[in-house]
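Chemist: sequence below, structure please.
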Amino acid sequence: MGKTLSNRFTDFGPFLIGALMLTAALLRYRMFFNLVHLNHLREQAIVLIYFVSAIITVLGLFRLRAWGFVAAYIHIITATIYLSVSVIPYVFKYLKFGNSTISTLIMISNLLVLILIAFLHGRRGTAG
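Modeler: Purely as a prediction, here's the structure:
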């Protein structure tokens, strides 16, 4: 029998989301190279956490490991709360709204990705 759409997404969803999160992080490469110009250690640590968690997320989600999902949670929370950036590339680049509206949309989209990651984490029943 054929797989349902839900089962197919459960199989390929982590790969898709991991690829999108890595793409979004790579598009912000300037943030990484400006790391030395940041004045405070806290700011440098947040940017490092953002990029390291993106790499760990991709490695873990591609291997369907539980630590990949945990890294995705950390990546999304860091992107949303501390950096106010979207974890999905190109979504808000061309919208012409005010800053508060864009920030709200970024928060909502990142929350939806967080919920989706949690759903996939629960469906996969990953170990390790």
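Chemist: contacts only, for the spatially closest residue to Arg28 that is not a sequence neighbour.
Modeler: Take Arg28 and drop its neighbours on the chain: the residue closest to it by C-beta to C-beta, 6 or more residues apart in numbering is Val85, 6.6 Å away. For every residue, glycine as well, the C-beta is placed using N, CA and C. Counting by C-beta atoms under 8 Å, 6 or more residues apart in numbering, Val85 touches Ala24, Arg28, Ala79, Ile106.
Chemist: which among those residues end up buried?
Modeler: Buried members of the contacts of Val85, scored by 16 or more other C-beta atoms under 10 Å, are Ala24, Arg28, Ala79, Ile106.
Chemist: show me the shaky parts of this structure.
Modeler: 1-9, 125-128 (pLDDT under 70).
Chemist: those helices in this protein, which residues are they?
Modeler: For the chain, helices defined by DSSP state H occupy the ranges 5-26, 29-33, 41-62, 66-77, 99-124.
Chemist: figure out which of the ones you listed is closest to Lys93.
Modeler: Within these, the stretch nearest Lys93 is helix 99-124; the backing value is 10.0 Å (C-beta to C-beta).
Chemist: what packs against that closest one?
Modeler: helix 5-26, helix 66-77 (3 or more C-beta pairs under 8 Å, 6 or more residues apart in numbering; DSSP states H and E).
Chemist: thought Ser53 was touching Thr78?
Modeler: Yes. Using C-beta atoms under 8 Å, Ser53 is in contact with Thr78, at 6.4 Å.
Chemist: many thanks, I have nothing further to ask.
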